[in-house]
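Peer 1: Requesting a structural model of the entry that follows:
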Amino acid sequence: MWYWAFKYIFLGPILRVLGRPTIEGHENIPTDGPAILASNHLAVMDSFFLPLMVDRRIYFLAKSEYFTGTGLKGRLQRWFFTAVGQIPIDRSGAEAAEGALTAARRQLDKGKLMGMYPEGTRSPDGCLYKGKTGLARLAMDTGVPVIPVAMIDTHKFNPPGSILPRPTRVAVRIGKPLDFSRYEGMEGNRFIERSVTDEIMYELMQLSGQQYVDVYAASLKNQVPPVEPPAADAA
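Peer 2: Numbering: from 1, shown residues only. Below you'll find the predicted structure:
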């Protein structure tokens, strides 16, 4: 209930005014049955604009930090993300994330749409980064189609670190479904999973027009800039 209330009453109308969103390729999303929407990830608002523009309900994997906050802010955040159907995912490692992928499989088994970000985190600079293989493993295991999705200019609407939105026209581009049934029974083969992931990322690059960088975005965010020694005082 809360999902539709936020979409049509509380939040959706505001986003439509501020973001003036458009969508291309909506016909590529099946009217029923399971599918994975594989999207680039530019901003937090990707998870708001995509559901706003797609008729069917979308379930997302969300970082577990959204569900573990403390105090009033933490409780409100946990309530909101739970109410709109977000599934917490532990990003500390492949084994830790397996529980979230199992939860995603359950939704796909029910014929739902799963929204996933193969980059694993938001782009730090607007480029498209190397995809992680969890999405490929899920697609190969379930046999559902993967539909590439490009979010356009959401990082201008919601720049990293910003609190208030900056009114900007955003767009959603939906590509044609990708069929990986030719790899049936090969899940667990890391070379095949990497091949599937790279094919998805190539489609996202073509759809979004982003520059592709063949490193994980998280590795850049985790880098600590070197500290320069203080300059010597002039004699």
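Peer 1: from here on, contacts and neighbour counts on C-alpha atoms
Peer 2: Will do.
Peer 1: Name the nearest residue to the residue nearest the centre of the chain, sequence neighbours excluded.
Peer 2: Note on the chain: the residue nearest the mean C-alpha position is Tyr117, at 3.0 Å, using CA atoms, centre = their mean. In space, and not counting its chain neighbours, Tyr117 is closest to Ser39: 5.2 Å by CA to CA, 6 or more residues apart in numbering.
Peer 1: do you know how far the one you found is from Gly71?
Peer 2: Distance from Ser39 to Gly71, counting by CA to CA, to the nearest Å: 32 Å.
Peer 1: okay, these two: which has more neighbours?
Peer 2: For the pair Ser39 and Gly71, the greater number of neighbours falls to Ser39 (26 against 7), based on other CA atoms under 10 Å.
Peer 1: Now do the more buried one, the pLDDT please.
Peer 2: The per-residue pLDDT reported for Ser39 equals 98.
Peer 1: How about Met45?
Peer 2: pLDDT, Met45: 94.
Peer 1: residues near it, how many?
Peer 2: 17.
Peer 1: State the phi and psi torsions of it.
Peer 2: Dihedral pair for Met45: phi -70, psi -10, per degrees, to the nearest 10.
Peer 1: my read: it touches Asn158, true?
Peer 2: Yes: if you go by CA atoms under 8 Å, Met45 and Asn158 touch, sitting 6.6 Å apart.
Peer 1: Thr102 belongs to a helix?
Peer 2: Yes: the assignment for Thr102 (DSSP: H, G, I helix; E, B strand; the rest coil) places it in a helix.
Peer 1: how close does it get to Tyr66?
Peer 2: Here Thr102 is placed at a distance of 19 Å from Tyr66 (CA to CA).
Peer 1: same question, Phe191
Peer 2: Counting by CA to CA, the gap from Phe191 to Tyr66 is 32 Å.
Peer 1: ok, the closest residue to Gly175 other than its chain neighbours to Ser64 distance?
Peer 2: If the residues on either side of it in the chain are set aside, Gly175 comes closest to Pro148, at 5.1 Å by CA to CA, 6+ apart. Distance, Pro148 to Ser64, using CA to CA: 24 Å.
Peer 1: Specify the local secondary structure of the residue nearest to Gly175.
Peer 2: Pro148 - assigned by three-state DSSP - is strand.
Peer 1: count of residues packed around it?
Peer 2: Pro148: 27 surrounding residues under other CA under 10 Å.
Peer 1: residue contacts, it?
Peer 2: For Pro148, the contacting residues are Leu37, Ala38, Ser39, Ile174, Gly175, Lys176, Pro177, Leu178, Ile200, Glu203, Leu204, Leu207, by CA atoms under 8 Å, 6 or more residues apart in numbering.
Peer 1: Likewise for Thr168?
Peer 2: By CA under 8 Å, 6+ apart, Thr168 lies in contact with Leu18, Gly19, Arg20, Asp153, Thr154, Lys156, Phe157.
Peer 1: Can you read off the pLDDT for the nearest residue to the second one once chain neighbours are set aside?
Peer 2: Yep, that's Gly19 we're talking about. Leaving aside its chain neighbours, Gly19 sits nearest to Arg169 (4.8 Å; criterion: CA to CA, 6+ apart). Confidence at Arg169, expressed as pLDDT, is 97.
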